[in-house]
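Enquirer: dropping the sequence and predicted coords here.
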Amino acid sequence: MEEAVNKWTMELEEQEKVFLNQATQVNAWDRLLVSNGDKISELNEALERVKLDQQRLDHEIDFIVSQQRELEEMLTPLEGSVEQSVNMAGQQHADMEREHTYQLAETTDAQLKQMAEDLKEVIDHLNTSTNSQDSSDPLNQIGKILNVHMDSLNWIDQQTSQVQRKFEEVSHLYELRRHDQERSFHLSYK
């Protein structure tokens, strides 16, 4: 009988060792699952923040596009008026319109620069938070998309600068033509 008890005691000790080993593995897996769950929650929160930033960026881009359309609509009649002869009353109106268009161009330029700065901050933030992550990571992909948006905003800024330079050229030509007309008007009535 004593042999049977010793045999059962040894089997019980072996089963206890197996049980403790398996319990240790289950605890390690549980900690890993909890840790991964926390990481998934953090990633989801970061993704939501990026989505909000993306929506804000889309709204700002739409605003800039509408301002650029308005600027183009204002420049078209101004360019046409330079080609036509303008009487004195029309000159005052054109001067006011030119000043308004110039102010609009400056405002648009300032807003574009501010948006570019905001976008750089967002991209820098995303780049710093995703430096340690691999390229298949959704945040890294979102960062790449935002980099493309930044390039687009830089292109818009360049185009705005070109439009502003063209506007200044047209204004200069308009002033030269106005001075020539005034000179010829004064010469014909002296």
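Expert: Perfect, I can see it now. Numbering: from 1, shown residues only.

Enquirer: C-alpha only now, for contacts and for neighbours.
Expert: OK.

Enquirer: center of the protein - which residue?
Expert: Among the residues of the chain, the one closest to the centroid is residue 119, at 4.2 Å (Cα atoms, centre = their mean).

Enquirer: my guess is that one contacts residue 152, does it?
Expert: No - with the criterion set as Cα atoms under 8 Å, residue 119 and residue 152 do not qualify as a contacting pair; they are 11.0 Å apart.

Enquirer: where does pLDDT dip in the protein?
Expert: Low-confidence regions of the chain, defined by pLDDT under 70, span residues 78-95, 126-140, 185-190.

Enquirer: could you rerun that using 50?
Expert: Counting by pLDDT under 50, the low-confidence segments of the chain come to 85-89.

Enquirer: what about the helices in it?
Expert: Assigned by DSSP state H, the helices in the chain fall at 2-83, 88-130, 138-188.

Enquirer: and residue 180, how far from residue 99?
Expert: Remark: distance between residue 180 and residue 99 (Cα to Cα, to the nearest Å) = 21 Å.

Enquirer: how about residue 174?
Expert: Residue 174 is 13 Å from residue 99, where distance means Cα to Cα.

Enquirer: so which of those two has more stuff around it?
Expert: residue 174 (22 against 13; other Cα atoms under 10 Å).

Enquirer: quick one: contacts of stretch 30-41?
Expert: The contact list for stretch 30-41, computed with Cα atoms under 8 Å, 6 or more residues apart in numbering, is empty.

Enquirer: actually stretch 63-79, sorry about that
Expert: In contact with stretch 63-79 (Cα under 8 Å, 6+ apart) are residues 94, 97-98, 101, 104-105, 108, 111-112, 160, 167, 170.

Enquirer: same list (the residues you listed) but as a markdown table, adding distance to residue 29.
Expert: A markdown table is the format used below for the contacts of stretch 63-79 (distance: Cα to Cα, whole Å):
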| residue | distance to residue 29 |
| --- | --- |
| 94 | 76 |
| 97 | 72 |
| 98 | 71 |
| 101 | 66 |
| 104 | 62 |
| 105 | 61 |
| 108 | 56 |
| 111 | 52 |
| 112 | 51 |
| 160 | 57 |
| 167 | 68 |
| 170 | 72 |
